[in-house]
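Novice: I'd like to go over a predicted model; first the sequence, then the structure.
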Amino acid sequence: MTSSFAAIRQPPGCAEPAPVGNGKIDEKRKGVLGLRRRLCARLWPRRLASVERINQAADFVRFVGDHEAAIVGEDRRQVWRAAYDRIDRPISYLEFGVYQGESIRFWSDIERHPDSQFIGFDSFTGLPEHWNACYTKGAFNVGGAVPEVPDHRVRFVKGYFQETLRPFLSGFTPRGTVVVNNDSDLYSSSLFTLTTLDHLLTSGSILIFDEFADLQHEWRAFSDYVAAYGRRYAVIAATADFVHVAMQIL
Ligand SMILES: C[S@@+](CC[C@H](N)C(=O)[O-])C[C@H]1O[C@@H](n2cnc3c(N)ncnc32)[C@H](O)[C@@H]1O
C-alpha cells in the first residue's frame, strides 16, 4: 500500500492506484497506467522543452517591451559608450570571451584612468560546446594566441572559465566599478560566470551581454541567475534588437 508520505512526494498521475474491484480489473488498470507512464516519460521531456521555449520567448518579448526606452542605436559600440558614460572611474573590467580582443581594446582605449584594470578570460581555443548551427564546438579557436594589447593595465587569463575563474578570484581585489562583459555565447559559460561573480556584483556594477537575444543561451543564463540570486537591475542601454544590452545592478 502506498504510504501517505510517498503519495505526497509523487507527482500527480504517478501515484500507485488504490486497489479496486477484483484482480482482473486491477490488472487492466495497471496495464493502462503503465502505458500512460511510459508515454509520459517519452513525450513530456520533448513537450516540456517546447513549452519552455515558448515561455522564454514570451518573457523576452515582455522584457523588450518593458525596456524599449533603453535603446540607443543599432551598434554594440553605442551600447558600450552609453554604459561607459554612466560609470564612476576607475573600473575593473572583466571580459568573458575575448577571441581576437576587439571589445577589450575598445574598453581599454576609452577608459584611461591609470588605476583601471582590464582582465580578459578565454580558452583561446574556441567554444567548449556546440552553440548553434553556425558556431559549433571549437568556433573562435585562435590556437591559444592571446591578443596583443600594448597597455600594462590589460591582462589575460587563459583556460576555461570553470577552471580559471575561482583561482583568479582568490587573489583579486576589484578597484572602482566592476564591469562584466559576458561575450561567451553559451548558457553554461554565462551562467557559471554570473553565479561565480555574484559577490562582486554590488550596487552600481555593470553587466554587459553581447548575444542577449539568444533565448537558449545568454538570455536564459541571465534570467536564471537573477531569479535564483534575487538580483535587481536597471537596463541602461540596448541595441534595437536587444542583442547587445547593458545593465546596472541596483
Ligand atoms: C564571440 S567570442 C568573443 C568575442 C569578443 N568579445 C569580441 O568582441 O571580439 C566568444 C569567446 O568565448 C570563449 N568561451 C566561451 N565559453 C568559454 C569558457 N567556458 N571558457 C573559456 N572561454 C570560453 C570562446 O573561446 C570565444 O573566444
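Specialist: Received the coordinates, thanks.
Novice: and the helices in the protein?
Specialist: 4-9, 23-66, 76-84, 102-110, 161-170, 187-197, 218-229 (DSSP state H).
Novice: against Arg166, how distant is Lys137?
Specialist: 23 Å (CB to CB, to the nearest Å). No exception for glycine: its C-beta is placed from N, CA and C like everyone else's.
Novice: also Tyr84?
Specialist: 28 Å.
Novice: more neighbours: which of these two?
Specialist: When neighbours are counted by other CB atoms under 10 Å, Tyr84 comes out ahead of the other of Tyr84 and Arg166, with 18 against 11.
Novice: skipping adjacent residues, who's closest to the more buried one in space?
Specialist: Ranked by CB to CB, 6 or more residues apart in numbering and with sequence neighbours excluded, the top spatial neighbour of Tyr84 is Ile110, at 5.8 Å.
Novice: same deal with Gly144?
Specialist: Leaving aside its sequence neighbours, Gly144 sits nearest to Phe124 (CB to CB, 6+ apart; 4.9 Å).
Novice: what residues does this structure have near the ligand?
Specialist: 97-100, 102-103, 122-123, 126-128, 140, 160-162, 183-186, 189 (CB under 6 Å from any ligand atom).
Novice: tell me the centre residue of this protein?
Specialist: Centroid check for the chain by CA atoms, centre = their mean gives Ala221 as the closest residue, at 2.5 Å.
Novice: what's near enough to touch the closest residue to that residue other than its chain neighbours?
Specialist: Excluding its sequence neighbours, the residue lying closest to Ala221 (CB to CB, 6+ apart) is Ser190, at 3.6 Å. Contacts of Ser190 were listed using CB atoms under 8 Å, 6 or more residues apart in numbering, and they are 96, 182, 184, 209, 217-218, 221-222.
Novice: what's the answer for Thr136, then?
Specialist: Per CB under 8 Å, 6+ apart, neighbours of Thr136: 127, 130.
Novice: go again using 6 Å as the cut-off
Specialist: By CB atoms under 6 Å, 6 or more residues apart in numbering, the contact set of Thr136 is His130.
Novice: can I see the domain layout of this structure?
Specialist: 21-66, 70-249 (automatic domain parsing).
Novice: lowest-confidence stretch among those domains?
Specialist: Across these, domain 21-66 has the smallest mean pLDDT, namely a mean of 76.
Novice: and the closest residue to Asn132 other than its chain neighbours, how many neighbours?
Specialist: Leaving aside its chain neighbours, Asn132 sits nearest to Asp214 (7.9 Å; criterion: CB to CB, 6+ apart). The tally of other residues near Asp214 (other CB under 10 Å) stands at 20.
Novice: also Ala41?
Specialist: 10.
Novice: do you know how far it is from Ser170?
Specialist: In this view, Ala41 and Ser170 are 44 Å apart by CB to CB.
Novice: contact partners for the residue of the chain found nearest the ligand?
Specialist: When scored by CB to the nearest ligand atom, the chain has Gly97 as its residue closest to the ligand, at 3.0 Å. Contact analysis of Gly97 by CB under 6 Å, 6+ apart lists 183-184.
Novice: and if you look at the one 4 residues further on?
Specialist: Gly101 makes contact with 147, 149, according to CB under 6 Å, 6+ apart.
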